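Visitor: Sequence and predicted structure below; questions after.
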Amino acid sequence: MVQAIDPHGRVCYVNLSWRKALGYTAEEAAQLTIWDVIHPSQHEHCRQQLTELWTGKTAYNLATKLLTRDGRLLIVNGNLAYHSQIGQTSWVFGFFRDVTLVAQAMHNAQSYRHQLETLSHMGQLVTSSLNMEEVLQRVLDEVTGLVAAEGVAVLLLEGDELVFVAVSGPGTRGLLHTRMPAHKGVAGHVLQTGQSMNVTSRATSNVPLYEEVEKVSGFVTQTMLAVPIILEQGVIGVLEAAHSQPLPFTADALPLLESASHWAAIAIHNAMLYEKEREQYQQLHQSQAHLVQAEKMAALGRLSSSVAHEINNPIQAIQGCMTLAVEELAQAAVPIPEEVETYLGIVQTELMRVAEMCSRLRDFYEPAADAAEAIQISSLIEEVLALMHRTIADSNITTHCQWAADLPIVWGNSNQLKQVFLNLVLNALDAMPHGGELHITAEYVKITLAGNHRTQPATRIIFRDTGEGISPEILPHLFEPFVTSKMAGSGLGLSTSYGIIQDHHGQIQVESRLGQGTTFVIDLPVG
């Protein structure tokens, strides 16, 4: 391609190759100036080089952009040379080669390399963390630049809704954690069909966009890409990219977004596996702790029963001797001093207390075996509260009860369970000497008991007070015999309650923080 221009920039000569490349006839070319064919972005640079040529520089290397007659862009490389003859007009000759295809190939190669590097980096991000929200956010930050979108988002299916769990770009402001119906909009269509969508125009889209989401962000989508996020169980979500201007996405944007969705799926899958493993570990740890506690309580129960039996025999003998001694003194001619009568009364009272404690210790290991019966837990708790009504009122304590409508029947020993509930109410009263609130709820739940990985229906009873709380030192041993935080108390109430719940194949747990109250949770299997 050869051209020549005069000092005014008028085109004085072009060869056939130049005319074919730019699409002009010889007559049309003769009417042009160089500024008609140089791309506007190159004007300043070319003007500077031409000025240097006219003022003395003889040759110049030049890479520039030209515009064809029909508006296409040509990228050319070549040389500029100054030519002058005495008595004739000076010209600047340009000798160029069309390198548009080469430049496009290089640009495409660089773009492809960048895309591969970005996708590879996504793979590194996916393996860098097991925090799903963190990984998805970092992946989306890469996707925004990869497909040149104003906003990108990941929506995951939760029940019958899609939830924005990760967003990136100015067009997604305020969308994080926003929910939308799973069957609405482009995302709903992709979720149901499992097929990607390219919305090239809002006005002509076969699937209407969900405008309620746009009201949240203030971003009105004009063009959109949406691809499914797929795991083994099917489509679990959607990855979207959007423009607020009627700008079509490039041809490679959709497959790039689909590749990104694969990485998003892997991140979600890894997070789900980790969460499942973590839950299983927690269940195993909890089961082991319950088994250890159960064995510990059983051993303590056997020890308590044995100690109670050994103590009870001499206590019975002492009580018998005391009775005989009192009778002998009563028959004696010499009157018994008043102080001696007082001392003897104290001895008899304390002996009776020790005997009662021995009986309770035996019951802890071998509780009375009453017949099982159908129990409505809410009614049983209301009986206990009615029994304690006056004491609760005098203690300036307010009770709040809430029973689930679908509360099932529990089979068990009503007297024993009533004893458990009474112990918990009494403990709550002791924990709130200056008044407070006691919240009691009962609901239907599915539980997994220690040593049994199968879930089963149960009634969950929760006693929550606003009292002083239990110290961290005592809390792990709270269900052991003789452990108590009260100045007056045997420390057998909660250990007995623990044994009763175990006999009902249930479990009892406690949570407490000093100054923030205590919560007891009882799970009783149904049936």
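Guide: Looks like it arrived, so ask away. Residues are numbered from 1 along each chain as shown.
Visitor: Could you measure from Phe93 over to Leu67?
Guide: As judged by Cβ to Cβ, to the nearest Å, Phe93 and Leu67 stand 20 Å apart. Yep, even glycine has a C-beta here, placed from its N, CA and C like the rest.
Visitor: for the protein, which strand is longest?
Guide: strand 436-448 (DSSP state E).
Visitor: quick one: contacts of that one?
Guide: 283, 377-378, 381, 385, 392, 396-404, 406-408, 425, 428, 432, 454-467, 507, 517, 523, 525 (Cβ atoms under 8 Å, 6 or more residues apart in numbering).
Visitor: let's see it at 6 Å
Guide: For strand 436-448, contacts defined as Cβ atoms under 6 Å, 6 or more residues apart in numbering pick out 377-378, 397-404, 406-408, 428, 455, 458, 460-467, 523.
Visitor: are any of those residues buried, and which?
Guide: By neighbour count, with 16 or more other Cβ atoms under 10 Å, these hold 377-378, 397, 399, 403, 407, 428, 458, 460-461, 463-467, 523 as buried.
Visitor: Would you map the helices across this structure?
Guide: Counting by DSSP state H, the chain has helices at residues 16-22, 26-30, 34-37, 43-54, 100-126, 132-146, 185-193, 211-217, 253-331, 338-365, 377-387, 389-394, 414-431, 493-503.
Visitor: can I get these in a markdown table with distance to Thr448 and mean pLDDT?
Guide: Below are the helices of the chain laid out as a markdown table (distance: least, Cβ to Cβ, whole Å; pLDDT from 0 to 100):
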| stretch | distance to Thr448 | mean pLDDT |
| --- | --- | --- |
| helix 16-22 | 77 | 91 |
| helix 26-30 | 85 | 91 |
| helix 34-37 | 79 | 92 |
| helix 43-54 | 74 | 84 |
| helix 100-126 | 31 | 68 |
| helix 132-146 | 24 | 78 |
| helix 185-193 | 32 | 91 |
| helix 211-217 | 38 | 85 |
| helix 253-331 | 6 | 74 |
| helix 338-365 | 27 | 76 |
| helix 377-387 | 20 | 90 |
| helix 389-394 | 35 | 89 |
| helix 414-431 | 22 | 89 |
| helix 493-503 | 16 | 85 |
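Visitor: could you dump those to CSV with distance to Gln3?
Guide: Converted to CSV, these look like this (distance: least, Cβ to Cβ, whole Å):
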stretch, distance to Gln3
helix 16-22, 5
helix 26-30, 8
helix 34-37, 8
helix 43-54, 12
helix 100-126, 17
helix 132-146, 40
helix 185-193, 51
helix 211-217, 53
helix 253-331, 39
helix 338-365, 108
helix 377-387, 97
helix 389-394, 103
helix 414-431, 97
helix 493-503, 98
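Visitor: Quick one: closest of these to Asp160.
Guide: Set against Asp160 and scored by Cβ to Cβ, the helices of the chain come closest in helix 185-193, at 10.5 Å.
Visitor: re earlier: could you tell me how far the longest strand of the chain lies from the centre of the chain?
Guide: Per Cα atoms, centre = their mean, to the nearest Å, the displacement of strand 436-448 from the mean C-alpha position of its chain is 24 Å.
Visitor: Could you export it as CSV, CA atoms only?
Guide: Taking C-alpha atoms only, strand 436-448 is exported to CSV below (Å, rounded to 0.1, in the frame of the first residue of the first chain):
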residue,chain,number,x,y,z
GLY,A,436,-36.8,-12.7,86.9
GLU,A,437,-38.4,-14.7,84.1
LEU,A,438,-38.8,-18.4,83.5
HIS,A,439,-39.5,-19.4,79.9
ILE,A,440,-40.8,-23.0,79.3
THR,A,441,-41.4,-24.3,75.8
ALA,A,442,-42.3,-27.7,74.3
GLU,A,443,-42.0,-28.6,70.6
TYR,A,444,-41.9,-31.5,68.2
VAL,A,445,-38.4,-32.2,66.8
LYS,A,446,-36.3,-34.8,65.1
ILE,A,447,-33.3,-35.9,67.1
THR,A,448,-30.3,-38.2,66.9
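Visitor: i'd like the first residue to be 241 from this point on
Guide: Yep, numbering from 241; the last one is strand 676-688 now.
Visitor: Give me the mean pLDDT for it.
Guide: The pLDDT scores in strand 676-688 average 92.
Visitor: Same question for stretch 309-329.
Guide: On average, stretch 309-329 scores 78.
Visitor: contacting residues around it?
Guide: 246, 263-264, 293, 298-303, 305-306, 330-340, 343.
Visitor: and what of stretch 700-709?
Guide: 664, 668, 671-672, 676-683, 685, 752-763.
Visitor: These, buried ones only, as a PyMOL selection?
Guide: Only the buried entries of the contacts of stretch 700-709 go into this PyMOL selection, using 16+ other Cβ under 10 Å:
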select buried, resi 664+668+671+672+676+678+679+680+681+682+752+757+758+760+762+763
